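1. 3D model of this:
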Amino acid sequence: MSVFSLLDPAVGLAHDVVAALAQVLPTALAIVMFTVCVRLALHPLARAAARGEKARARLAPHIAELNRKHKGKPEKLQAALAELYKKEKASPFAGCLPMLVQIPFFSVMYRLFTTPNDLLGHTVFGVPLGLHVGSAQGAGQLVVFGLLYAALAAVGYVGFRRARRAAAAQAATQAAQPAGKQAAPQPGLGLLPYLSFGTVLFAALVPLAAGIYLVTTTTWSAAERAWLHRGTTPVPQVALI
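-> From the prediction side, this is the model:
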């Protein structure tokens, strides 16, 4: 028995919900509505994560100072960090919670749209939802996939710009630190913004239905993050889904 087979009950439930919506809506729109409903249910976790990120950004100078003060003393550093987070009522893991909760949902949707079922036989603009871009025939089908990838690239560009601004702000903060107190550069940090385009590459490997899900959830993530972090300095983060 594969690990994915453990998700079969949840996949069956997701199928039934999408199929019920597809009775009154086009199937592609039913996928969008189902994804939006789930993301809406997860929104309270995103708000909690945003509060946690803002708290960590506020505490960043104190954390850097503790790292310098307890360098080479991991036990004292952990105790000092725990005391700091307790005093400020913050958590170093708050920002990870929504992503961790979304992983099972992503896995369910991935299995739903990559396992043969009746939903994948439906079409959007004449293109079957179960079709991969490699099997597309004719200009019409390629145009549909092209529009999908363009939408994902546009959302990725929004994330790319935000990640670049976050990296620039972090670099400026480090440069403002006194000599000898600047943190060592993190290798590979400059590549993080480009990971925002990873969903475009992933969408090329999955059927059209999964691509529609990806467009919906990444667009929601970008809009939600912009709303929750309006007026604040962006925090470096790459959304997986």
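2. list the buried ones in whatever helix or strand Cys37 lives in?
-> Assessed by DSSP states H and E, Cys37 sits inside helix 27-41. Residues of helix 27-41 classed as buried: 27-28, 30-35, 38-39 (neighbour count, 16 or more other C-beta atoms under 10 Å). Just so you know, the C-beta spots here come from the backbone N, C-alpha and C atoms, and that holds for glycine as well.
3. same thing with stretch 62-71?
-> 63-64, 66, 70.
4. now, which of these sits nearest Leu131?
-> The closest of the buried residues of stretch 62-71 to Leu131 turns out to be Ile63 (C-beta to C-beta; 49.0 Å).
5. wait, what's in contact with that closest one?
-> Neighbour list for Ile63: 56, 81, 84 [criterion: C-beta atoms under 8 Å, 6 or more residues apart in numbering].
6. redo that, cut-off 7 Å
-> Leu81 (C-beta atoms under 7 Å, 6 or more residues apart in numbering).
7. and it, what element?
-> Applying DSSP H and E, one finds Ile63 within helix 43-69.
8. Same question for stretch 142-155: list its buried residues.
-> 144-145, 148-149, 151-152, 155.
9. An error on my part: the question was meant for stretch 8-25.
-> 10-11, 14-15, 18, 21-22.
10. Sort out which residues of stretch 113-123 are buried, please.
-> Neighbour counts over stretch 113-123 (16+ other C-beta under 10 Å) mark 113-114, 117, 119-120, 122-123 as buried.
11. What average pLDDT does the very next helix or strand once past the helix holding Ile63 get?
-> Heading C-terminal from helix 43-69, the first helix or strand you meet, by DSSP H and E, is helix 74-88. On average, the pLDDT along helix 74-88 is 83.
12. Tell me which residues are up against helix 74-88.
-> 55, 59, 62-63, 66-67, 70, 91-92.
13. so how far is Leu66 from Lys73?
-> In this view, Lys73 and Leu66 are 10 Å apart by C-beta to C-beta, to the nearest Å.
14. just Val101 next, same as before
-> As judged by C-beta to C-beta, Val101 and Leu66 stand 30 Å apart.
15. Which strands or helices does the lengthiest helix in the chain pack on?
-> The longest helix of the chain (DSSP state H) is helix 138-175. Counting contacts by 3 or more C-beta pairs under 7 Å, 6 or more residues apart in numbering; DSSP states H and E, helix 138-175 is packed against helix 198-203, helix 208-228.
16. Which among these is found nearest to His43?
-> helix 208-228 (6.9 Å).
17. Figure out how far the closest one is from the centre of its chain.
-> On the basis of C-alpha atoms, centre = their mean, to the nearest Å, helix 208-228 sits 8 Å off its chain's mean C-alpha point.
18. Return the set of buried residues in it.
-> 208-222, 224-225, 228.
19. Okay, Met109 and Val18: tell me how far apart.
-> For Met109, the distance to Val18 equals 9 Å [C-beta to C-beta].
20. Find the residues that touch each one of those two.
-> In contact with both Met109 and Val18: no residue, using C-beta under 7 Å, 6+ apart.
21. Switch the contacts of helix 74-88 over to JSON lines; also include pLDDT and distance to Arg161.
-> Listed next are these as JSON lines, based on pLDDT from 0 to 100; distance: C-beta to C-beta, whole Å:
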{"residue": "Ala55", "pLDDT": "77", "distance to Arg161": "24"}
{"residue": "Leu59", "pLDDT": "80", "distance to Arg161": "26"}
{"residue": "His62", "pLDDT": "81", "distance to Arg161": "29"}
{"residue": "Ile63", "pLDDT": "82", "distance to Arg161": "26"}
{"residue": "Leu66", "pLDDT": "84", "distance to Arg161": "32"}
{"residue": "Asn67", "pLDDT": "83", "distance to Arg161": "29"}
{"residue": "His70", "pLDDT": "82", "distance to Arg161": "36"}
{"residue": "Ser91", "pLDDT": "71", "distance to Arg161": "28"}
{"residue": "Pro92", "pLDDT": "69", "distance to Arg161": "26"}
